[in-house]
Structures are given as structure tokens and as C-alpha cells.
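J.: Structure, please.
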Amino acid sequence: MSFAPSTPITGATQTGLTTPTYTIAEDTPPDTNGKQYAVTALGGTQTGVLVHSVSSPFTLTAVRPKNYKSVPVPNPVTGVVKNVPKNTTVILTRKGVLPLAGQNAEVMMIRTEMSVPAGSDTADPLSIRAALSAHFGLLSQVSSATGDLLINGVL
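T.: Numbering: from 1, shown residues only. Okay, the predicted model is just below:
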């Protein structure tokens, strides 16, 4: 299945946001090996939050490797594969934020980078899915606490 989020996206719990949703529209990605969506409308209560604009971007991007790597041939004597290459996929959220009232927006970036050892996509796909399930489940579970951490610095 391809990366094609449905719209609107239901946002995770955050202090100060009430039932947040994000309407997205397909956008032009920075490179041919990616897909990008711009947030064009907000739902719920998100006072002061802006949708995507040139000056204050709000985009969601997925980027895959341009060329996938394969697992190398095992050593004929030892049977060991050394230096297994990684296929790295990135999901990036960009959001314009104000560093100070009256100033121009600066871009905040949230990046999830997934480096998967070549060959594991066929040898161990369920472990890849389990890792993603745990990762995104954790991010969803601690969404509000992570927002608090970014605001007050308390870990």
C-alpha cells in the first residue's frame, strides 16, 4: 500500500487543542522519491494555529530511498554477511512557528527516520511492522507529554 493519508487527519491529544483535525491536499514534494501534503484547513479548537502558506509552511512529507539496496552475498567461507546496507525512509513534518511575537515564522521540523537493514523486508517483515507499531503507538501515547516537554523542558 502506498503512502496516501486520508483527509482529514485526526490529531493526537495535546494540551490546548480540542479534537484537532488537519485537512490535507497533495503538494509538490522536494524530490521525485517523495510525497508531500500541505495542511489546508484545521478542525476542532486550535486558536492561533495557521494552515500552510509560503511564509509559514505546514507540510507532511514521506521520502523513500532513490535506489533500494539489497543484502550482499555472504562470505563463501564463513557464511557471514558483513556491512549490511540500510534503506532509509523519512517522514517529515514542517511547521512554521513564531520565535517571538511580531517576528517572521521559522520552520520547526519533526523527523522520523527509519533505517531498515536490506533483506529484512523479506526475511523478517513482521518484526519491521512490530517496530513501527510500537514506535507510532508510543508517539501517539506520549503526544501530549512530548508537547509539554518541548514547552517546559521537563523530561
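J.: and the residue nearest to the spatial centre of the chain, what are its bridge partners?
T.: What sits nearest the mean C-alpha location of the chain, by C-alpha atoms, centre = their mean, is residue 91, with 3.0 Å. Beta bridges link residue 91 to residue 62, residue 112 when assigned by DSSP bridges.
J.: Quick one: residues contacting it.
T.: Residue 91 is in contact with 60, 61, 62, 63, 111, 112, 114, counting by C-beta atoms under 8 Å, 6 or more residues apart in numbering. For the C-beta atoms, the positions are set from N, CA and C on the backbone; glycine is no exception.
J.: Looking at those residues, spot the one nearest residue 3.
T.: residue 62 (4.4 Å; C-beta to C-beta).
J.: residues near the closest one, how many?
T.: 19 (other C-beta atoms under 10 Å).
J.: Residue 129 too?
T.: Residue 129 - counted by other C-beta under 10 Å - has 10 other residues nearby.
J.: pretty sure residue 64 is in contact with residue 34, am I right?
T.: Yes - the pair residue 64 / residue 34 is scored as a contact, 7.1 Å apart, by C-beta atoms under 8 Å.
J.: More neighbours: which of those two?
T.: Shown here are residue 64 and residue 34; by other C-beta under 10 Å, residue 34 has more neighbours (18 against 15).
J.: How about residue 20: what's its closest non-neighbour residue?
T.: Nearest residue to residue 20 in three dimensions, chain neighbours excluded: residue 11, at 3.4 Å (C-beta to C-beta, 6 or more residues apart in numbering).
J.: In contact with that neighbour: list those residues for me.
T.: Here residue 11 is in contact with 17, 20, 21, 22, 44 (C-beta under 8 Å, 6+ apart).
J.: Quick check: the gap between it and residue 24.
T.: 12 Å (C-beta to C-beta, to the nearest Å).
J.: Nearest spatial neighbour of residue 155, chain-adjacent residues omitted?
T.: In space, residue 155 is closest to residue 149, 5.9 Å off (C-beta to C-beta, 6+ apart).
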